[in-house]
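Trainee: Structure for this input, please:
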Amino acid sequence: MWFETQDVERKVLAILNTLGDSQEAVGSTIIAKRLKGLGIELSERAVRYHLRLMDERGLTQLVGRRDGRIITDLGQSELKKAMVTHKVGYALSRIETLAFRTNIDLDKRTGFIPVNVSLFRKEDFNKAMRIMKPIFQAGLCVSDLVAVASEGQSIGDLIVPEGKTALSTVCSIVVNGTLLKAGVPIDSKFGGILQIRNRNPLRFVELIHYAGSSLDPTEIFIRANMTSVAEATEDGSGEILANYREIPAICRPLAEEVEAKLKDAGIGGILLMGNTSEPVCEIPIELNQIGVVLTGGLNPVAAAAEAGIISESHAMSTVIDYQTLVKVSEI
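Mentor: Numbers count the residues shown, from 1 in each chain. Below you'll find the predicted structure:
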């Protein structure tokens with residue numbers, strides 16, 4: 001009985017998370033689709049059942065004639081407090097899920113890759129792009145391939161709210177996914193702030209371990225204004241978003257082969273690959289392992305935030321078709 005209650009509460013929390021991430025009412029069809037992306041299998045009928053129970057508890061509210069719901073203030077409060085232990089490690093779970101969903105064929109340039117989605121006010125978007133383009137051009141991101149969507153359109157599982165313009169940037173998890181498909185085990189350790197000096201990576205000055213976090217580290221660092229991406233671009237010294245992974249040393253040749261194919265497809269991400277058993281950016285490493293530093297995909301968005309342009313970013317958001325991406329210079 002206790003296990004059944006825990007399972008129900010887990011599903012309620014997942015639905016509340018989905019509603020909390022949306023700026024408009026969401027129906028059971030979309031909720032079921034987004035939950036599936038998180039590895040939670042619930043039919044539309046099951047979602048509607050849980051939503052009715054959540055309505056009775058005052059956590060959600062039915063809007064309109066269809067089954068669209070919004071999260072209530074009580075639901076928001078419950079989301080912040082409930083089942084914290086279940087949220088710990090959410091970031092790591094999200095990385096593993098999106099890595100599994102990554103299926104790009106680097107030879108044919110087809111398939112799906114993971115992206116971050118940032119929502120800007122329509123009136124701010126052009127100004128934000130003027131600030132972000134130099135960051136893309138400097139290579140302080142995973143790729144200069146992006147996708148843009150207007151209100152009412154969808155990017156992956158996300159529908160763009162009214163009054164917003166969405167920008168999709170390639171997420172560094174594409175490295176996890178392509179290495180995984182190539183047979184290279186990869187251990188995702190943490191997201192952090194990387195100090196750049198003379199255009200070279202120096203050391204991590206802040207870090208949050210994925211396994212102990214209920215939030216994506218990148219989103220936390222951007223909200224806290226802890227970056228200086230624009231300075232790193234202009235002067236060659238500053239602090240940018242980066243991620244740290246480890247792979248077995250024996251897999252280095254295969255990893256380098258995947259890295260080369262990614263670059264041919266217009267995708268970078270690997271800022272630095274260390275030597276066997278040697279520290280990378282002052283991070284100690286276990287025997288027969290190699291440290292890999294990945295550039296944060298949201299660095300351009302962080303630069304916009306530094307300039308005072310507010311956006312709502314969903315790091316590690318969803319996967320989209322590689323062929324829908326365009327060069328940022330074309331935007």
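Trainee: Let me know the helix or strand that the closest residue to D107 other than its chain neighbours is in.
Mentor: For D107, ignoring the flanking residues on the chain, the nearest one in space by C-beta to C-beta, 6 or more residues apart in numbering is K261 at 7.3 Å. (C-beta placed from N, C-alpha, C; glycine too.) Using DSSP states H and E, K261 sits in helix 252-264.
Trainee: tell me what that helix is packed against?
Mentor: For helix 252-264, the elements it packs on are helix 173-181, strand 270-273, strand 289-295, judged by 3 or more C-beta pairs under 8 Å, 6 or more residues apart in numbering; DSSP states H and E.
Trainee: Spell out the secondary structure type for the closest residue to I173 other than its chain neighbours.
Mentor: Nearest residue to I173 in three dimensions, chain neighbours excluded: P114, at 4.4 Å (C-beta to C-beta, 6+ apart). Here P114 is strand, with the state taken from DSSP: H, G, I helix; E, B strand; the rest coil.
Trainee: The residue nearest to D107: what's it in contact with?
Mentor: 106-107, 178 (C-beta atoms under 8 Å, 6 or more residues apart in numbering).
Trainee: Please apply the same query to I220.
Mentor: Here I220 is in contact with I208 (C-beta under 8 Å, 6+ apart).
Trainee: again with the one 3 residues further on
Mentor: Neighbouring residues of R223 by C-beta under 8 Å, 6+ apart: there are none.
Trainee: can you check V258 too?
Mentor: Contacts of V258 (C-beta under 8 Å, 6+ apart): 106, 175, 178-179, 182, 184.
Trainee: Just the buried ones from those, in PyMOL syntax?
Mentor: Restricted to buried positions by 16 or more other C-beta atoms under 10 Å, the PyMOL selection for the contacts of V258 reads:
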select buried, resi 106+175+178+179+184
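Trainee: can the contacts of V258 go into CSV with extra columns for pLDDT and distance to N275?
Mentor: Output for those, formatted as CSV (pLDDT from 0 to 100; distance: C-beta to C-beta, whole Å):
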residue, pLDDT, distance to N275
L106, 93, 26
V175, 96, 19
T178, 97, 22
L179, 96, 18
A182, 95, 21
V184, 96, 17
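Trainee: quick check, I247 in a strand?
Mentor: Yes: assessed by three-state DSSP, I247 belongs to a strand.
Trainee: hey, where'd the helices end up in the chain?
Mentor: 2-20, 28-37, 44-56, 73-81, 84-87, 90-101, 122-138, 173-181, 217-223, 229-235, 252-264, 299-306 (DSSP state H).
Trainee: So which of those helices is nearest V326?
Mentor: Among the helices of the chain, the nearest to V326 by C-beta to C-beta is helix 122-138 (11.9 Å).
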